[in-house]
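K.L.:
predicted model and sequence below, questions to follow.
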Amino acid sequence: MTNGERLMASASIELLTIGTELLLGFTVDTNSAEIGQLLAASGVQLVRRTAVADREVEIREAVSQALQRTGALITTGGLGPTRDDITKKVVADLFGVPLEFHEPIWQGLVERFARLGRNLAATNRCQAEVPRGAVVLPNRWGTAPGLWLEAPLRAEHEGAPRLAILLPGVPREMRGLMAHEVIPRLAQWTGSTATVIRSALLRTTGVPESRLAERVGDIERELAPLSLAFLPSLSGVDLRLTAWDLPAAEAERRLGEGVAALRERVGEFTYAEGDTDLAAVVLQGARAAGLHLAVAESCTGGLLGARITAIPGSSDVFAGGVIAYDNAVKIRELGVPAELIESNGAVSEPVVRAMAEGAARRFGVEASLAVTGIAGPGGGSPSKPVGTVWYGLRLSGRTEAVSYVFPGEREEVRARAAQGALFLLLGRLREGSR
């Protein structure tokens, strides 16, 4: 069986992330998630992820075991110019081949550093060393090239054909090499008729996971062979449908039908597909209705405005906002009567109504959102426990107020409060469009 036939038969691969900083928790491993998604979309299943420190013994053991189990491995990290960058050396030794100096890589490094007005250090020469027989994957985003090494292991490993793909650990460099160099090569290995592993995401908010599960019911049996996963977070619960080992066209068809069926059951609690942010959906709805928006924030401290302005093109809808954290700011900047605060407290229906009306008046907009609440850990009372949030919404001359009590620590309450404000406005925009 050839190397390509072996991978085509299994369509599986392992991932080894190398870096002591990953194990210590100082660097978050985002590479694994991105590589898993890219591989699944190309029909190659990531069957195991392993992380090891920058130590030769651990790297050697992890690489050897992965190649014996699966026959194909991607590594990230350990390709730089420092002493702890030893991935190439270990892999080359396992494959029984020497490292050889690659002049084109060196010249590329010389030219790159010259453009930056910097001098190459002697330690950079190791970045131009390549295991004999390896294919160099050009790195247009950094200095360390990727490597594709396809060969039998040494005799003590039974001489079975193996594939090792070595990538730098810098996320931008890894991402570029995966998309432009690795995935196209893997597509050739798996063949044009290979099946794929693809997913579709339906986003929901404003509904607990347990209640959402009741709405969805036994739909997974109807959608088989698709699988359904519930993914709760501070912003809501995402529903992920996954098609396993299906032809690309069939996977897309089944996922489309599955998302439509889920939408029907979830109803008003769904707001988007994919990774679309709720703020983008709200802006689109306000834009379609010809509305301009302002915010007045107390407990969220600018989170709501940040969510909105993070969306490109938001300036044609969003006018601005006031962070009225102190009561004096509510009075001075939003025109909230002092007696309202004195008699009802800052976290109350009358105050949040006045905040919303003040924001609409100050910015001259047709829509405004106001948020005030008790994020904790202190400040709560029996009548207003920690997590109490009041929303005020001013829309086309009408003001309303609603309240919720959110669970969680301070930052969780604040994040949920910002999400809830956006969902409140989206609901009213949907009602107005009917």
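P.N.:
That came through, no problem. Numbering: from 1, shown residues only.

K.L.:
next one: phi and psi at S381?
P.N.:
phi -150, psi 170 (degrees, to the nearest 10).

K.L.:
what do you get for V196?
P.N.:
phi -130, psi 160.

K.L.:
neighbours of the residue nearest to it when sequence neighbours are not counted, how many?
P.N.:
Excluding the flanking residues, the one nearest V196 by C-beta to C-beta, 6 or more residues apart in numbering is G43, at 4.3 Å. The way it works is simple: take the backbone N, C-alpha and C, and place the C-beta from them, glycine included. For G43, the neighbour count with other C-beta atoms under 10 Å is 23.

K.L.:
just the element for G43, please.
P.N.:
Using DSSP states H and E, no element contains G43; it sits outside every helix and strand.

K.L.:
wait, it touches Q188, no?
P.N.:
No: checked against C-beta atoms under 8 Å, the pair G43 and Q188 is beyond contact range at 11.9 Å.

K.L.:
if we can go back for a sec, let me know the pLDDT of the residue nearest to V196.
P.N.:
For G43, the model assigns a pLDDT of 79.

K.L.:
go on, D85?
P.N.:
76.

K.L.:
roughly how far apart are the closest residue to it other than its chain neighbours and Y391?
P.N.:
Computed as C-beta to C-beta, 6+ apart, the closest residue to D85 that is not its neighbour in sequence is G78, at 4.9 Å. Taking C-beta to C-beta, to the nearest Å as the measure, G78 falls 50 Å from Y391.

K.L.:
which of the three states applies to L149?
P.N.:
State at L149, reduced to three classes by DSSP: H, G, I helix; E, B strand; the rest coil: strand.

K.L.:
let me see the contact set for it.
P.N.:
Residues near L149 by C-beta atoms under 8 Å, 6 or more residues apart in numbering: 91-92, 95, 97, 131, 133-135, 163-166.

K.L.:
next, format those residues as TSV and append secondary structure, pLDDT and distance to T82.
P.N.:
Shown next, in TSV, are these (DSSP: H, G, I helix; E, B strand; the rest coil; pLDDT from 0 to 100; distance: C-beta to C-beta, whole Å):
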residue	secondary structure	pLDDT	distance to T82
V91	helix	93	17
A92	helix	92	18
F95	helix	91	23
V97	coil	92	23
P131	strand	92	19
G133	coil	92	25
A134	coil	93	21
V135	strand	94	24
L163	strand	91	27
A164	strand	95	21
I165	strand	96	22
L166	strand	96	16
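
K.L.:
what's the most distant pair in these?
P.N.:
V97 and I165 (15.5 Å; C-beta to C-beta).

K.L.:
of the two, which one has the most company?
P.N.:
Legend: neighbour count by other C-beta under 10 Å for V97 and I165, higher for I165 (26 against 17).

K.L.:
that's a helix at V352, yeah?
P.N.:
Yes: under three-state DSSP, V352 falls within a helix.

K.L.:
my guess is it meets L393, correct?
P.N.:
No: counting by C-beta under 8 Å, V352 does not reach L393; the two are 9.2 Å apart.

K.L.:
what residues are shared contacts of those two?
P.N.:
370, 401.

K.L.:
looking at those two, which is more packed in?
P.N.:
Comparing V352 with L393 by other C-beta under 10 Å, the one with more neighbours is V352, at 31 against 22.

K.L.:
who's the closest residue to G305 other than its chain neighbours bridged to?
P.N.:
Computed as C-beta to C-beta, 6+ apart, the closest residue to G305 that is not its neighbour in sequence is G321, at 4.3 Å. Taking DSSP bridges as the rule, G321 bridges to V295.

K.L.:
burial count for R428?
P.N.:
Residues near R428, counting by other C-beta under 10 Å: 17.

K.L.:
can you tell me the SS state at the closest residue to G373 other than its chain neighbours?
P.N.:
Leaving aside its chain neighbours, G373 sits nearest to V389 (3.4 Å; criterion: C-beta to C-beta, 6+ apart). Three-state assignment for V389 (three-state DSSP): strand.

K.L.:
give the buried residues for the longest helix seen in the chain.
P.N.:
Identified as the longest helix of the chain according to DSSP state H is helix 410-432. Judged by neighbour count using 16 or more other C-beta atoms under 10 Å, the buried positions of helix 410-432 are 413-429.

K.L.:
what do you get for stretch 258-266?
P.N.:
Buried, per 16+ other C-beta under 10 Å, within stretch 258-266: 258-259, 261-262, 266.

K.L.:
what's the answer for stretch 163-175, then?
P.N.:
In stretch 163-175, counting by 16+ other C-beta under 10 Å, buried: 163-171, 173-175.
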